[in-house]
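Chemist: I'll drop the sequence and a predicted model, then ask my questions.
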Amino acid sequence: MDKRQKILNAATRLFVERGFQNTSTANISKEAGVATGTLFIYFATKDELINTIYKEAKQRMAESLKEGFPQGAATRDKLKHLWTEVAAWALDNSENFRFMHMFSASPFITNLTREEVESTSSFAMQSIKDGMKNGEIASIPIDLFHSILDGFLTGTVRYIAANPSKRKKAIEASFDVFWNGIKGE
């Protein structure tokens, strides 16, 4: 593993464990097994580091969601694909998922980073908007939709993490409950 990736992995782990304010660049360097000066070769500031972690994790998740995405399918099928893939990605990348969840509303994540991240998942957003427009999904404010989606998915991931043998059934059941709550009438 290269030094940059070691720094990113160590920073992610420490930010999740200690938070942004309680994680120094010296802590990150030590955890990564590199000199503090080496960290600054790759990242000029701790703010740049946290934004890079956030952006790259979101991009990797979006790439996972795009794989096999049923473009021409009904909204329910598109959302089920997204649901299943987010849950799988979160379980396989739990530290990154926790990081994204912790820092999604953080003032340390810049507007530019948020805009760049949004563009990577525009296909998912468009599916939701189209579903609202054609009445397949209840027409509610998009930020409320995201909050509901986030709550259900995070709860599902936590449940599966504690009950791994119930993964498939939990994903199916939680999606059905979610869908029944957001579908248009």
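Modeler: Arrived safely, thanks for sending. Numbering: from 1, shown residues only.

Chemist: When you work out contacts or count neighbours from here on, use the C-alpha atoms and nothing else.
Modeler: OK.

Chemist: what's the lowest-mean-pLDDT helix or strand in the chain packed up against?
Modeler: Least confident helix or strand, the chain: helix 111-120 with a mean of 86, by mean pLDDT, DSSP states H and E. In terms of contact count using 3 or more C-alpha pairs under 8 Å, 6 or more residues apart in numbering; DSSP states H and E, helix 111-120 is assigned the packing partners helix 46-66.

Chemist: Show me how the chain divides into domains.
Modeler: Here the domain assignment for the chain is 1-44, 58-182, based on automatic domain parsing.

Chemist: wait, which of these is closest to residue 51?
Modeler: domain 58-182 (5.5 Å; C-alpha to C-alpha).

Chemist: Give the residue spans of the protein that score low on pLDDT.
Modeler: Filtered on pLDDT under 70, the chain yields no residues whatsoever.

Chemist: All the strands of it, in order from the start?
Modeler: Assignment of strands within the chain using DSSP state E yields no ranges at all.

Chemist: isn't residue 128 right next to residue 77, touching?
Modeler: No: with contacts counted by C-alpha atoms under 8 Å, residue 128 stays clear of residue 77, the gap being 11.5 Å.

Chemist: of these two, who's got more company?
Modeler: residue 128 (22 against 14; other C-alpha atoms under 10 Å).

Chemist: How much space separates the more buried one from residue 119?
Modeler: 15 Å (C-alpha to C-alpha, to the nearest Å).

Chemist: residues touching the spatially closest residue to residue 174 that is not a sequence neighbour, list them.
Modeler: Using C-alpha to C-alpha, 6 or more residues apart in numbering and skipping residues adjacent in sequence, the residue nearest residue 174 is residue 156, 6.6 Å away. Contacts for residue 156 (C-alpha atoms under 8 Å, 6 or more residues apart in numbering) come out as 87, 170, 171, 174.

Chemist: Quick check: the gap between the last one and residue 141.
Modeler: Spelled out, it's residue 174. 22 Å.

Chemist: And residue 65, by the same measure?
Modeler: From residue 65 to residue 141 the distance is 23 Å (C-alpha to C-alpha).

Chemist: out of these two, which sits in the busier spot?
Modeler: Set residue 65 next to residue 141 and count neighbours by other C-alpha under 10 Å: residue 65 wins out with 21 against 9.

Chemist: All the helices of this protein, in order from the start?
Modeler: 3-18, 25-32, 36-42, 46-66, 75-92, 94-103, 111-120, 122-133, 142-162, 167-182 (DSSP state H).

Chemist: mind checking how far the shortest one is from the chain centre?
Modeler: Going back to what we said before, that points to helix 36-42. How far helix 36-42 lies from its chain's middle: 27 Å, per C-alpha atoms, centre = their mean, to the nearest Å.

Chemist: Good, we can wrap up now.
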